[in-house]
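Chemist: Okay, sequence plus prediction incoming.
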Amino acid sequence: MKKVLVLGLMAALAVISCQKIETKDAVSDSKPFTATIEAFSEDAIDVETKTSLNSTGNILWKQGDQISIFAGSTINEQYQVTDASDGKSAASLYQVTGPGFVAGSEINNNVAFYPYVSTAEIQKNGSAYVIGDFALPATQNYAQASFGNGAFPMAAVTSSKSDYNLKFKNVLGGLKLQLKGTATITSISVTGNNSEKLCGAASVTVSNAGAPVISLTDATAKTVTLDCGDVQLSANTATAFIIALPPMTMTGGFTVTVTDSNDKQMEIKTTKSQTISRSDLLSMPAVTFVAPDPTPVPAGAVDLGLTSGLKWATCNVGASSPEEYGDYFAWGETEPYYTAGHSQDNPCSNWENNKTGYNWASYKWCNGSYNTQTKYCTSSSYGNVDNKYVLDPEDDAAAVNWGGTWRMPTDAEWTELRTECNWTWTTQNGINGYLVTGTNQNSIFLPAAGYRYDAYLYYAASYGNYWSSSLYTDFPSRAWSVYFNSDGVSRYVSNRSNGHSVRAVSE
């Protein structure tokens, strides 16, 4: 029996000796790693960033920074900068803990990734390495004139396994926003106007010679939010807010939404092509935060006795009374194109965001023509197929402008209103439209507000065009709407770029 036991142990040791094994005792084998970081572009050195930039563009380490190191193997080891390295451009590292009883394959170099990610894995790809199984955060934390902790990844590959000098290169770039005012800012969100991927599941390809390249795979991760806590603005001096973003060109620009402590929001939008470059900051001009006046919201919603139990608003989005026309929206957009103060009955002389009117050239969800839809598309003949056929809440004019439980009605809900209610063409306070009376004798008034195409308003007082939230899937450059005049009301499809009225519903 003893002979059998000894032979068994010898066989087990033979197998183990063929593998590279690390245990918690490996802490004593901590390699003498040092770490330096690539300097930022000279154009970006007017700020300090996290880890942080000094006046010469060198990024400085912070106390507590931790790093994943693959020390000559595919085993992910956890290292940390020494306390004495705080605020320095070159840091000494020590191993926090060994990875445990883990086997790994040997590699020809030492490879490192900041910040430390316990799930990160590495694969060889020719002369380069691919670091995967990590994610760019959808929410970053504000740091004064700096990137939030862990929001700005870096990677390094040494010349050999005996080279312990980790020369980190920046993976991302950044957006620098500058705000003035008297408000207290709680959050800032950035979204590409062409639905670019900005965060989520990612991998980085890195080599000793070249710059790291990041790849993002989560098509739904389109918004990055900076959690600011409570940052008090100054009326005279701009406060910098820095958000880490992957290198890319946003051909349609991007939209920034700034929220203050009173939950009031200001939207800053550029529709021009903008490029985020690796190891650089895209600096935007200083803007004064001014919370817009809230959009008028109806006093209540009307129960019309419908089978669904759905309630309908008493007036259009953008109106403060049932007879007012309100605002006009392209389908899937949440802002009217004309500047406040201009008469809705006349062509507008000052278009927002350099838009030329309600047409395909100005429409948010296409690249300039009806067959280049970038969102809400069910056919490759009309753009990028995503098979979305009902508006997301963030693209719903009623949900965005009124909040709460308000939203745009679907095509089916408009059909219910048409078929279950009595429609009477009438004049209310001098305005033409339909009085819609439910089975319980409650009613709402829909003004004949016409529609907008290019810079003009057509058929006001004669026709009404109201959007549903439903895409016309056969031809996804169009969406379902309701059309009416004095002769009757019907289900209709309209080009998504046209400006129609919106009447909200609530559950």
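Modeler: Done, it's in. These numbers come from a predicted model, not from an experiment.

Chemist: only C-alpha atoms for contact and neighbour calcs from this point on.
Modeler: Will do.

Chemist: In contact with residue 425, which residues are there?
Modeler: For residue 425, the contacting residues are 432, 433, 434, 435, 486, by CA atoms under 8 Å, 6 or more residues apart in numbering.

Chemist: Tell me which two in the residues you listed are the farthest apart.
Modeler: By the measure CA to CA, the contacts of residue 425 have their two most distant members at 435 and 486, which lie 11.6 Å apart.

Chemist: So these two - more neighbours on which side?
Modeler: Neighbours per residue (other CA atoms under 10 Å) separate residue 435 from residue 486, with residue 435 holding more: 19 against 16.

Chemist: That one - nearest residue in space that isn't next to it in sequence?
Modeler: residue 445 (4.6 Å; CA to CA, 6 or more residues apart in numbering).

Chemist: one step back: using JSON lines, lay out the contacts of residue 425 together with distance to residue 72, secondary structure and pLDDT.
Modeler: As requested, those are exported to JSON lines (distance: CA to CA, whole Å; DSSP: H, G, I helix; E, B strand; the rest coil; pLDDT from 0 to 100):
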{"residue": "432", "distance to residue 72": "78", "secondary structure": "strand", "pLDDT": "96"}
{"residue": "433", "distance to residue 72": "76", "secondary structure": "strand", "pLDDT": "97"}
{"residue": "434", "distance to residue 72": "76", "secondary structure": "strand", "pLDDT": "97"}
{"residue": "435", "distance to residue 72": "77", "secondary structure": "strand", "pLDDT": "96"}
{"residue": "486", "distance to residue 72": "79", "secondary structure": "coil", "pLDDT": "96"}
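
Chemist: related to what we said a few turns ago, from memory the residue nearest to residue 435 sits against residue 434, does it?
Modeler: Yes - at 5.7 Å, residue 445 and residue 434 qualify as touching, with contact defined as CA atoms under 8 Å.

Chemist: From residue 407, how far out is residue 417?
Modeler: When distance is defined by CA to CA, to the nearest Å, residue 417 is 15 Å away from residue 407.

Chemist: for residue 234, same thing?
Modeler: Between residue 234 and residue 407 the computed distance is 36 Å (CA to CA).

Chemist: When the two are compared, which one has more neighbours?
Modeler: residue 407 (26 against 15).

Chemist: Bridged to the more buried one, which residues?
Modeler: On the basis of DSSP bridges, residue 407 is bridged to residue 505.

Chemist: So which bits of stretch 93-108 are buried?
Modeler: For stretch 93-108, the buried set under the neighbour-count rule, 16 or more other CA atoms under 10 Å, comprises 93, 94, 95, 97, 98, 99, 103, 107, 108.

Chemist: what mean pLDDT would you report for that stretch?
Modeler: Mean pLDDT, stretch 93-108: 83.

Chemist: Also stretch 69-81?
Modeler: Averaged across stretch 69-81, pLDDT comes to 94.

Chemist: Next, the distance between the ends of it.
Modeler: By CA to CA, the extent of stretch 69-81 from end to end equals 12 Å.

Chemist: which residues sit against that stretch?
Modeler: 61-68, 91-99, 102-113, 116, 118, 120-123, 161.

Chemist: pLDDT on the helix or strand containing residue 215, on average?
Modeler: Per DSSP states H and E: residue 215 is located in strand 213-216. Averaging pLDDT along strand 213-216 yields 96.

Chemist: what do you get for stretch 249-262?
Modeler: Across stretch 249-262, pLDDT averages out at 92.

Chemist: Mind listing what's buried along that stretch?
Modeler: Using 16+ other CA under 10 Å as the test for burial, stretch 249-262 gives 250, 251, 252, 253, 254, 255, 256, 258, 259, 260.

Chemist: out of these, which are inside strands?
Modeler: Of these, the ones assigned to strands by DSSP state E are 250, 254, 255, 256, 258, 259, 260.

Chemist: Turn those into JSON lines, including distance to residue 390.
Modeler: Output for those, formatted as JSON lines (distance: CA to CA, whole Å):
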{"residue": "250", "distance to residue 390": "25"}
{"residue": "254", "distance to residue 390": "23"}
{"residue": "255", "distance to residue 390": "22"}
{"residue": "256", "distance to residue 390": "24"}
{"residue": "258", "distance to residue 390": "26"}
{"residue": "259", "distance to residue 390": "27"}
{"residue": "260", "distance to residue 390": "30"}
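
Chemist: For stretch 144-160, list the C-alpha coordinates in PDB.
Modeler: The C-alpha trace of stretch 144-160 is given here as PDB (Å, rounded to 0.1, in the frame of the first residue of the first chain):
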ATOM      1  CA  GLN A 144     -11.500  68.000  -9.900                       C
ATOM      2  CA  ALA A 145      -9.900  68.800 -13.300                       C
ATOM      3  CA  SER A 146      -9.200  65.100 -13.600                       C
ATOM      4  CA  PHE A 147     -10.300  61.700 -14.800                       C
ATOM      5  CA  GLY A 148     -12.200  59.700 -12.200                       C
ATOM      6  CA  ASN A 149     -10.400  56.800 -10.600                       C
ATOM      7  CA  GLY A 150     -10.100  53.800 -12.900                       C
ATOM      8  CA  ALA A 151     -11.900  55.600 -15.800                       C
ATOM      9  CA  PHE A 152      -8.700  56.000 -17.900                       C
ATOM     10  CA  PRO A 153      -7.200  52.700 -18.900                       C
ATOM     11  CA  MET A 154      -3.500  52.300 -19.900                       C
ATOM     12  CA  ALA A 155      -1.500  49.300 -21.100                       C
ATOM     13  CA  ALA A 156       2.200  48.400 -21.300                       C
ATOM     14  CA  VAL A 157       4.300  45.600 -22.900                       C
ATOM     15  CA  THR A 158       8.000  45.300 -21.900                       C
ATOM     16  CA  SER A 159      10.800  44.300 -24.300                       C
ATOM     17  CA  SER A 160      11.300  40.900 -22.600                       C
END
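
Chemist: coming back round to it: which of the ones in strands among the buried residues of stretch 249-262 are the two that sit furthest away from each other?
Modeler: Largest separation among these by CA to CA: 250 and 260, giving 26.3 Å.

Chemist: What helices and strands are in contact with the strand holding residue 215?
Modeler: The elements that strand 213-216 packs onto, with contact taken as 3 or more CA pairs under 8 Å, 6 or more residues apart in numbering; DSSP states H and E, are strand 200-206.

Chemist: what sits against the closest residue to residue 132 other than its chain neighbours?
Modeler: Nearest-residue entry for residue 132: residue 203, 4.3 Å, with adjacent residues in sequence omitted and distances by CA to CA, 6+ apart. By CA under 8 Å, 6+ apart, residue 203 lies in contact with 130, 131, 132, 133, 134, 214, 215, 216.
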